[in-house]
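K.L.:
sequence-free structure coming up:
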């Protein structure tokens with residue numbers, strides 16, 4: 001059984017930083033995406049990373065401020081969020097997509113992900 005557990009959310013002032021973590025268990029090779037969903041809005045992709053970590057993707061709104069990374073020895077994927085803005089306020093979800101060990105792909109579509117975490121709230125005050 002595959003499980004994803006996010007942590008690291010919280011309340012921070014604008015301009016501050018947070019680091020989200022996603023621990024994945026029950027799966028040995030997977031690409032990961034971080035999504036976010038604000039009240040009344042769609043769940044959108046923020047960043048994605050391939051199994052090896054060699055390829056990453058960022059949505060334009062977070063480029064230069066957020067960094068996705070992974071430590072496969074710890075089965076953990078991180079989202080470092082700097083220079084946070086009130087518009088970054090949302091529930092953040094990590095998701096995992098089954099992939100081969102040799103895959104260099106990341107995924108950008110919600111439907112491409114097989115497993116989801118429960119989400120962690122990020123609130124940025126102005």
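P.N.:
Arrived safely, thanks for sending. This one's a predicted model, so the numbers in the text were calculated from it and none came from an experiment.
K.L.:
for the chain, what spans make up the strands?
P.N.:
With DSSP state E applied, the chain shows strands at 3-7, 10-13, 18-25, 30-37, 43-49, 56-58, 66-71, 76-81, 90-98, 115-116, 120-125, listed in chain order.
K.L.:
any idea how far the first one is from the chain center?
P.N.:
By that I understand strand 3-7. 10 Å (CA atoms, centre = their mean, to the nearest Å).
K.L.:
now swap in the fourth one and tell me
P.N.:
The chain centroid and the centroid of strand 30-37 are separated by 4 Å under CA atoms, centre = their mean.
K.L.:
one more: the shortest one?
P.N.:
The chain centroid and the centroid of strand 115-116 are separated by 11 Å under CA atoms, centre = their mean.
K.L.:
pLDDT of that strand, averaged?
P.N.:
The average pLDDT for strand 115-116 rounds to 98.
K.L.:
spatially central residue in this structure, please.
P.N.:
What sits nearest the mean C-alpha location of the chain, by CA atoms, centre = their mean, is residue 34, with 2.2 Å.
K.L.:
who does that residue bridge with?
P.N.:
With DSSP bridges applied, the residues forming beta bridges to residue 34 are residue 47, residue 94.
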